[in-house]
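# Provided below for reference: sequence and predicted model.
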Amino acid sequence: MNILLTGGLGYIGSHVTVVLAEAGHHVIILDNLHNCKIEVLDRLAKILGNSPAFIQGDVRNQLLVESVLKDQKIDAVMHFAGLKAVGESVQKPLMYYENNVGGTISLLQAMKSCQVKKIVFSSSATVYGIPQYLPLDEKHPTNPESPYGQTKLQIEAILQDLARSDQSWKIIALRYFNPVGAHESGLIGEEPNGIPNNLMPYISQVASGLLPKLKIFGNDYETPDGTGVRDYIHVMDLAEGHVCALNYLYNNESEFSIMNLGTGAGYSVLELVKLYQKVSSRKITYEIAAKRAGDIAACYANADKAAVHMVWKAKRSLEKMCEDSWRWQSRG
Ligand code: NAD
Ligand code: UFG
């Protein structure tokens, strides 16, 4: 099938490109290069043996998207393009609504006019807000705390309304938990701009000596060791979930579905630090610092729905996530 990946040169999209291409699909990437490097295309070519089709452009350019959908005879779209920094979304909410919500509406309008009605959307566990119970299943109430999270929830609502209005749409929103790690070639991975906000890239930069020490945000949470607990999922498991989602869209009657993509297991900051030290053989210096505003004690998925309906389950261990992250971080 011909699959359009918006934001396909980014962290998650580049890994999904590999898995889709290896499953025999023809991948066409549309990316405006806002948060990625064009070199990713060469690295994808090294992994795959040839370069995926690439169009530099913005999802908000409806005419461009329409021409790509028609010229490339697109069968389905995977929509990764968006802004994702929680803190920045608090500072610049309009930019987030404009790019994420506005970009999705423009994309859907282009899809509708070209009769391309299958889409997999990158949503986030952040839509749940503060957990009322754990593990989080898809029925848990939603109450995102940041403008970023609000954009994801609003897009889900738009997708649901669209599916209700016309049953020929097949739509799935995947709520990712905490994607980490890298492709095991060490050729592609997460490349945060500036100082990382997220734990795993921060730890990997401390391990490699780029940053002096990790600040652990709080050690008196109600968790086994007092540090925050999250559901880290290997980005390749996440990528494989997208192939399952595509199969689900083609083989299921449901017009709109929401699925958690997580492992179902939670690990603490200290557990991750210890494991990273082991796999990298580097000391991770850390200090306990104040809690980060907006952080929650624990967040992990009930991933049963994806297991039952999409026949998908995360397979890779936390140790493998650390190993692959370290291979990517310590590349030449
Ligand atoms: P990323 O920033 O690495 O990739 C997003 C890509 O989209 C970038 O390459 C960027 O250049 C591109 N892009 C942004 N706006 C665009 C636009 N208007 N037109 C065309 N291209 C545009 O992010 P990622 O980690 O790969 O995340 C992919 C998606 O998954 C995002 O929608 C994100 O919100 C969502 N998500 C990510 C995480 C995570 O922790 N990484 C968790 C939950 C959900
Ligand atoms: N942490 C530290 N020090 C750091 C960075 C993080 O102690 O320097 C801690 C946090 O307090 C938290 C854990 O590490 O307990 C994980 O933090 P991350 O920033 O890596 O991840 P979050 O769970 O806070 O948020 C991430 C993404 C969100 C997304 C959410 C759920 O940033 O966009 O996962 O998918 F919504």
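Right, received. Where do you want to start? Numbering: from 1, shown residues only. Ligands and ions are numbered 1, 2, ... in the order given.

# Every contact and neighbour count from this point should use C-alpha atoms.
Will do.

# close to ligand 1, is the worst-scoring helix or strand of the chain on mean pLDDT?
Of the helices and strands making up the chain, the lowest-confidence element is helix 86-91, at a mean of 93, by mean pLDDT, DSSP states H and E. No: for a cut-off given as CA under 6 Å from any ligand atom, helix 86-91 has no contacts with ligand 1; the smallest distance is 9.4 Å.

# Alpha carbons only: can I get stretch 126-144 in CSV?
Provided in CSV are the C-alpha atoms of stretch 126-144 (Å, rounded to 0.1, in the frame of the first residue of the first chain):
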residue,chain,number,x,y,z
THR,A,126,-1.2,13.0,28.3
VAL,A,127,-4.9,13.3,27.4
TYR,A,128,-5.8,11.4,30.6
GLY,A,129,-4.3,14.0,33.0
ILE,A,130,-4.0,13.0,36.6
PRO,A,131,-4.8,9.3,36.9
GLN,A,132,-8.0,8.5,38.9
TYR,A,133,-6.9,4.8,38.8
LEU,A,134,-4.1,2.7,37.4
PRO,A,135,-3.4,1.2,34.9
LEU,A,136,-5.0,3.6,32.6
ASP,A,137,-7.5,2.1,30.2
GLU,A,138,-9.1,3.9,27.2
LYS,A,139,-12.3,4.5,29.3
HIS,A,140,-10.4,6.5,31.9
PRO,A,141,-11.8,10.1,31.9
THR,A,142,-9.7,12.6,29.9
ASN,A,143,-8.5,15.9,31.4
PRO,A,144,-5.2,17.1,29.8
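
# what about it, average pLDDT?
Taken as a whole, stretch 126-144 carries a mean pLDDT of 97.

# and it, does that touch ligand 1?
No: using CA under 6 Å from any ligand atom, no contact is recorded between stretch 126-144 and ligand 1, whose separation bottoms out at 7.3 Å.

# Give the buried residues for that stretch.
Applying a neighbour-count criterion of 16 or more other CA atoms under 10 Å, the buried positions in stretch 126-144 are 126-131, 135-138, 142, 144.

# And for that stretch, what's in contact with it?
The set of residues that contact stretch 126-144 without belonging to it, under CA atoms under 8 Å, 6 or more residues apart in numbering, is 145, 149-150, 152-153, 177, 258-260, 264, 296, 298-303.

# in the longest helix along the chain, what counts as buried?
In terms of residue count, the longest helix belonging to the chain (DSSP state H) is helix 147-165. Neighbour counts using 16+ other CA under 10 Å place 147-153, 155-156, 158-160, 162-163 of helix 147-165 among the buried residues.

# per-residue confidence averaged over it?
When pLDDT is averaged along helix 147-165, the result is 98.

# With stretch 13-26 instead?
Stretch 13-26 shows an average pLDDT of 98 in the prediction.

# same deal with stretch 106-122?
Computed over stretch 106-122, the mean pLDDT rounds to 98.

# end-to-end on it?
As for stretch 106-122, its first-to-last residue distance stands at 16 Å under the measure CA to CA, to the nearest Å.

# and that stretch, is it in reach of ligand 1?
Yes: under the criterion of CA under 6 Å from any ligand atom, stretch 106-122 makes contact with ligand 1 via residue 122.

# Where do the helices of the protein begin and end?
Going by DSSP H, the chain shows helices at 11-22, 39-48, 62-71, 86-91, 93-96, 103-113, 147-165, 199-207, 235-251, 269-280, 304-309, 318-329.

# a markdown table please, covering those and showing distance to residue 289.
Listed next are these as a markdown table, based on distance: least, CA to CA, whole Å:
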| stretch | distance to residue 289 |
| --- | --- |
| helix 11-22 | 28 |
| helix 39-48 | 35 |
| helix 62-71 | 46 |
| helix 86-91 | 18 |
| helix 93-96 | 28 |
| helix 103-113 | 37 |
| helix 147-165 | 25 |
| helix 199-207 | 14 |
| helix 235-251 | 28 |
| helix 269-280 | 13 |
| helix 304-309 | 35 |
| helix 318-329 | 23 |
